[in-house]
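# next input, structure requested:
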Amino acid sequence: AYAAHAKNLGIPTVLGYLCATSIVGLDTFDAHWTPELRAECGTAPASWLQQDANGDPLPSWYGGDYRPACMNNPGWLAYQRFMVRAQIGSGHDGIFFDNPTVHMDGCYCPHCMEKFAGFLRAAGVEVAENSTNALRVLAKERPEDFLRFRATTGRDFLAAMREQARLLNPHAVVTANNSLNNTAVLFSQCHTYGYCIPEMARAEDFVVIEDMGAQPRMLSNGKTAECGPTYAQLHGIIHGKPLVAVTIADNDYHTPPNLVRLAMIEAAAHKTVYMLWSTWPEEQRPGMIAAVRPYADWLRSHTELLENSRPRNDVTLFLPFRRWVETKECAVSGIAAALTRANVQYEVVDEEKLPAALDHAGVLLAESPEVFSGSERKRLPAFGAAGGRFVDASAKNWLDGLREAVAAPALALDAPPTVRGVVRDTDTQTVLFLYNLHAERLSSFEDRVTPAENLTARVRVPFSSVGSVALSSVDPETVSGPVPHEIEHG
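Okay, here's the model as predicted:
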């Protein structure tokens with residue numbers, strides 16, 4: 001009835017919700033199960049818990065009555081398949097899985113140890129003993145390999161659930177909470193709870209980043225928060241999957257209207273879908289809807305343009321995600337933030353995309369020459385011989401060197417430092433997204449915007465002629481229509 005009601009309201013895709021690991025109230029969790037479900041699961045829920053290296057159940061990091069199930073446990077997998085069938089069978093079009101996490105100490109249950117042995121053998125490592133105790137010792141002796149293995153647990157679980165869902169509905173979609181609550185934890189969250197976004201993305205139909213605290217805005221200390229650099233990095237590592245993001249400010253699930261509108265446009269500029277927690281109290285809803293709905297309508301009316309436009313890339317930024325095993329700090333996150341502040345047009349590529357990127361990149365930027373593998377380093381001379389420029393971000397004044405390397409930038413923006421510009425192209429149009437981060441959060445429902453005035457933008461277009469230049473905006477203070485402009489050739 002819930003799914004049918006949602007579709008009657010015009011919602012085209014309705015997702016069910018399941019938690020990938022949490023058992024709440026272990027003592028009574030299976031109190032009302034049917035004999036058929038007990039038989040299908042095969043074992044009691046108490047045996048499904050993640051285990052430490054001694055085989056003892058691990059506590060939940062959420063505290064309270066939560067207990068963490070292991071995503072490799074056959075009994076838990078059977079229960080989750082049952083729940084997927086129930087949700088797809090009730091009319092849901094897919095499933096959102098929350099918290100596909102592994103304990104920060106790792107799970108050493110027999111099922112994880114068996115899969116760890118297979119993981120090592122697939123990598124060419126000889127495994128002499130197959131007993132659970134021997135494999136637990138081996139996991140301690142090979143901590144980096146065990147980290148890499150942990151990072152595949154959520155991926156394999158999501159793949160199994162997606163396969164189950166599509167047995168009932170060939171078009172069912174599966175996604176999950178990929179976390180990234182903080183823009184600085186891209187690497188470290190792989191270490192803590194096994195949130196390895198590139199691995200999970202392989203098994204997801206779209207990637208959801210939930211509750212990122214960098215809601216775009218002006219902070220009380222005069223600095224700005226933004227998500228653009230994070231969106232750029234994510235698009236470089238999620239294998240072409242669509243990206244969806246939820247942003248919040250100050251751990252508050254209520255967001256005032258101008259901050260919502262700013263977040264929607266920032267996301268759209270970076271080909272990201274903005275998801276809003278609609279938690280407004282009833283008395284606030286009319287005003288919030290009136291303020292936000294025009295932006296949603298504008299985005300919907302420009303769907304084709306948003307989907308078909310390609311980002312202009314003056315710079316290719318290399319993100320070797322494999323380095324998460326070596327360090328919890330992702331240096332590329334800081335570099336991307338600097339590029340975005342400078343309104344440099346760039347793309348991010350990981351180690352999988354780097355070889356193809358070198359065939360078309362004009363300027364390659366990396367945190368250091370040392371991050372390239374041997375095979376990657378061998379390709380750099382040919383890149384240079386073809387006219388490519390390499391910029392080392394560990395060098396002093398690297399941003400000045402980058403500007404020198406980009407001879408003809410796509411965008412030159414004369415504007416307050418809070419203004420961001422993103423250039424995108426279709427086969428017939430160039431689109432410049434402009435948005436202003438000078439919006440302050442005053443409370444859960446109030447904000448204050450300081451307009452950016454007297455902007456000048458110089459945009460290089462990939463066309464031999466320009467037919468017209470027009471402005472399209474939802475802001476009531478801004479008049480949409482033709483824009484005064486000058487055309488320069490060369």
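
# low pLDDT regions in the chain?
The model of the chain has pLDDT under 70 over residues 490.

# if we go to 50?
Within the chain, the set of residues satisfying pLDDT under 50 is empty.

# please look at Phe321 and Ile237 and confirm they touch.
Yes: with contact defined as CB atoms under 8 Å, Phe321 counts as touching Ile237 (5.5 Å). All C-beta spots, glycine's among them, are computed from the backbone N, C-alpha and C.

# mutual contacts of the two, please.
Residues touching both Phe321 and Ile237 (CB atoms under 8 Å, 6 or more residues apart in numbering): Pro198, Asp350.

# what residues sit buried inside stretch 416-424?
Within stretch 416-424, the residues that count as buried by 16 or more other CB atoms under 10 Å are Thr418, Val419, Arg420, Gly421, Val422, Val423, Arg424.

# wait, stretch 291-298
Val292, Tyr295, Ala296, Trp298.

# circling back: of the buried residues of stretch 416-424, which belong to strands?
Val419, Arg420, Gly421, Val422, Val423, Arg424 (DSSP state E).

# look up the closest residue to the second one, ignoring the ones flanking it.
Excluding the flanking residues, the one nearest Arg420 by CB to CB, 6 or more residues apart in numbering is Tyr435, at 5.6 Å.

# element containing that neighbour?
Taking DSSP states H and E as the definition, Tyr435 sits inside strand 430-436.

# where along the stretch 151-300 of the chain do the strands fall?
For the stretch 151-300 of the chain, the strands defined by DSSP state E, counting those that start in this stretch occupy 173-176, 207-212, 217-218, 224-225, 243-247, 273-274.

# just confirm Tyr17 is within a helix.
No: according to DSSP: H, G, I helix; E, B strand; the rest coil, the state of Tyr17 is strand, so it is not within a helix.

# tell me the contacts of the residue nearest to it when sequence neighbours are not counted?
Setting aside the residues directly before and after it, Tyr17 is nearest to Phe96 in space (CB to CB, 6+ apart), at 5.4 Å. Counting by CB under 8 Å, 6+ apart, Phe96 makes contact with Leu15, Gly16, Tyr17, Leu18, Thr175, Ala176, Asn177, Val208.

# one more time with 6 Å, if that's ok
Leu15, Tyr17, Thr175 (CB atoms under 6 Å, 6 or more residues apart in numbering).

# mind giving me a markdown table with the residues you listed and columns for distance to Met288 and neighbour count?
As requested, these are arranged in a markdown table below (distance: CB to CB, whole Å; neighbours: other CB atoms under 10 Å):
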| residue | distance to Met288 | neighbour count |
| --- | --- | --- |
| Leu15 | 23 | 20 |
| Tyr17 | 24 | 10 |
| Thr175 | 26 | 23 |
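
# just those now: which is nearest Glu36?
Lowest distance from Glu36 to these (CB to CB) belongs to Tyr17, with 23.6 Å.

# end-to-end on stretch 266-276?
In stretch 266-276, first residue to last residue: 14 Å (CA to CA, to the nearest Å).

# oh sorry, the question was meant for stretch 265-276
13 Å.

# tell me which residues of that stretch come out buried.
Ile265, Glu266, Ala267, Ala268, Ala269, His270, Lys271, Thr272, Tyr274.

# go on, stretch 216-231?
Quick answer for stretch 216-231 (16+ other CB under 10 Å): Pro216, Arg217, Met218, Thr224, Ala225, Glu226, Cys227, Gly228, Pro229, Thr230, Tyr231.

# go ahead and confirm the first one touches Leu262.
Looking back up the chat, that one is Pro216. Yes: Pro216 lies in contact with Leu262 (CB atoms under 6 Å); the separation is 5.1 Å.

# can I take it that the residue nearest to Tyr17 is in a strand?
Yes: under three-state DSSP, Phe96 falls within a strand.

# quick one: contacts of stretch 262-280?
Residues contacting stretch 262-280 (CB under 6 Å, 6+ apart): 216, 228, 231, 243-247, 253, 288, 295, 299, 306, 422, 433, 435, 439.

# now it, how far from the chain's geometric center?
What separates the centre of stretch 262-280 from the centre of its chain is 13 Å, taken as CA atoms, centre = their mean, to the nearest Å.

# could you do stretch 65-85 as well?
That offset, for stretch 65-85, works out to 25 Å (CA atoms, centre = their mean).

# only alpha carbons, please: show that stretch as CSV.
These are the backbone C-alpha positions of stretch 65-85, laid out as CSV (Å, rounded to 0.1, in the frame of the first residue of the first chain):
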residue,chain,number,x,y,z
ASP,A,65,20.7,-2.6,21.5
TYR,A,66,22.5,-2.9,18.2
ARG,A,67,24.6,-5.9,17.3
PRO,A,68,26.6,-6.1,14.0
ALA,A,69,25.9,-9.1,11.7
CYS,A,70,28.5,-10.3,9.3
MET,A,71,27.7,-9.7,5.6
ASN,A,72,29.6,-12.9,4.8
ASN,A,73,27.5,-15.1,7.1
PRO,A,74,25.3,-17.5,5.1
GLY,A,75,22.5,-17.2,7.7
TRP,A,76,22.4,-13.4,7.6
LEU,A,77,22.6,-13.5,3.8
ALA,A,78,19.6,-15.9,3.7
TYR,A,79,17.6,-13.5,6.0
GLN,A,80,18.5,-10.5,3.8
ARG,A,81,17.5,-12.3,0.7
PHE,A,82,14.2,-13.1,2.3
MET,A,83,13.7,-9.4,3.1
VAL,A,84,14.7,-8.3,-0.4
ARG,A,85,12.0,-10.7,-1.8
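
# buried residues, it. List them.
66-73, 75-84.

# which stretch of helix or strand covers Arg67?
Going by DSSP H and E, Arg67 is part of strand 66-68.

# which strands and helices sit next to that strand?
strand 22-24 (3 or more CB pairs under 6 Å, 6 or more residues apart in numbering; DSSP states H and E).

# helix, strand or coil for Arg458?
Applying three-state DSSP: Arg458 is strand.

# count the neighbours of it for me.
12 (other CB atoms under 10 Å).

# quick check: the gap between it and Ala214.
29 Å (CB to CB, to the nearest Å).

# cool, and Asn72?
As judged by CB to CB, Asn72 and Ala214 stand 33 Å apart.

# coming back round to it: kindly reformat the buried residues of stretch 265-276 as TSV containing distance to His489.
Shown next, in TSV, are the buried residues of stretch 265-276 (distance: CB to CB, whole Å):
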residue	distance to His489
Ile265	31
Glu266	33
Ala267	35
Ala268	31
Ala269	28
His270	30
Lys271	30
Thr272	34
Tyr274	38
